[in-house]
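Q: Predicted structure and sequence below. I'll ask about it afterward.
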Amino acid sequence: MNSVQLRDKKFDILLPESILLKGIDDVAQQINKDFKDQDPLFICILNGAFMFAAELINRFHSECEIAFVRLKSYEGLERKKTMREIHGLMENIENRHVLIVEDVIDTGYTMEHLLNILKDKHPASVKIATLLFKPTALLRPIKPDYVVQEIPNDFVVGFGLDYEGRGRNLRNIYKIKS
Ligand code: IMP
Ligand code: MG
């Protein structure tokens, strides 16, 4: 499929599944080396990262755990300030080697919040693996440790990423048609 329609928007193919899977193989190889014997805790950020997390953990061959968390936004008392909280993190991360598994880093605000929350819980280390990274959209000083694919500053769907809840089931990555 070279283009898809989701709700009111049209999308064109940007990255075929084969490129993503090859990139995940490479990243997984590095992660296997870096986390061997560290009993890492993978933290999958729902909803978007579920597909990437599944592919990644399939390729990890040492002992590990996986947790699924959701970042909930709510309006602070100052109305304009959007805060985020982690929901669903039951595991104690103190002294654990943590690998955050994210679908896409865009401005970097989400990842910055998450890092701050996790670092308060005194993990041994925190690293970031992201399926997609938009370097030209980045507004915060975030450096992902493992990137499957850098992409331009376009809105994308597929491989877990959505537009209004749709498109997560697409195997390729599609970008919005301008
Ligand atoms: P950031 O805080 O701007 O880095 O945005 C990160 C979050 O926004 C991601 O976890 C996604 O949920 C969402 N997001 C950013 N860009 C896209 C996109 O192109 N498609 C779908 N979701 C996106
Ligand atoms: Mg996300």
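A: Looks like it arrived, so ask away. Quick caveat, the model's predicted, so the values are computed rather than measured. Numbering: from 1, shown residues only. Ligands and ions are numbered 1, 2, ... in the order given.
Q: which bits of the protein sit near ligand 1?
A: 48, 102-111, 155-156, 161 (CB under 6 Å from any ligand atom). (Glycine included, C-beta is placed from N, CA and C.)
Q: make it 5 Å
A: Residues of the chain lying near ligand 1 by CB under 5 Å from any ligand atom: 48, 104, 105, 106, 107, 108, 109, 110, 155, 156, 161.
Q: Quick one: the residues you listed as TSV, columns for distance to residue 92, pLDDT and neighbour count too.
A: Formatted as TSV, these follow (distance: CB to CB, whole Å; pLDDT from 0 to 100; neighbours: other CB atoms under 10 Å):
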residue	distance to residue 92	pLDDT	neighbour count
48	25	96	20
104	28	97	23
105	26	96	25
106	30	95	18
107	30	93	14
108	27	94	20
109	26	91	15
110	23	91	18
155	37	96	15
156	35	97	22
161	30	97	22
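Q: Let me know the pLDDT of residue 111.
A: With respect to pLDDT, residue 111 has a value of 95.
Q: Excluding covalently adjacent residues, which one is nearest to residue 135?
A: residue 150 (5.8 Å; CB to CB, 6 or more residues apart in numbering).
Q: quick revisit: near ligand 2, list only the ones from the residues of the chain next to ligand 1.
A: Near ligand 2, judged by CB under 5 Å from the ion, the entries from the residues of the chain next to ligand 1 are residue 48.
Q: Let me know the closest of the residues of the chain next to ligand 1 to residue 18.
A: Distance to residue 18 across the residues of the chain next to ligand 1 (CB to CB) is lowest for residue 156, with 16.8 Å.
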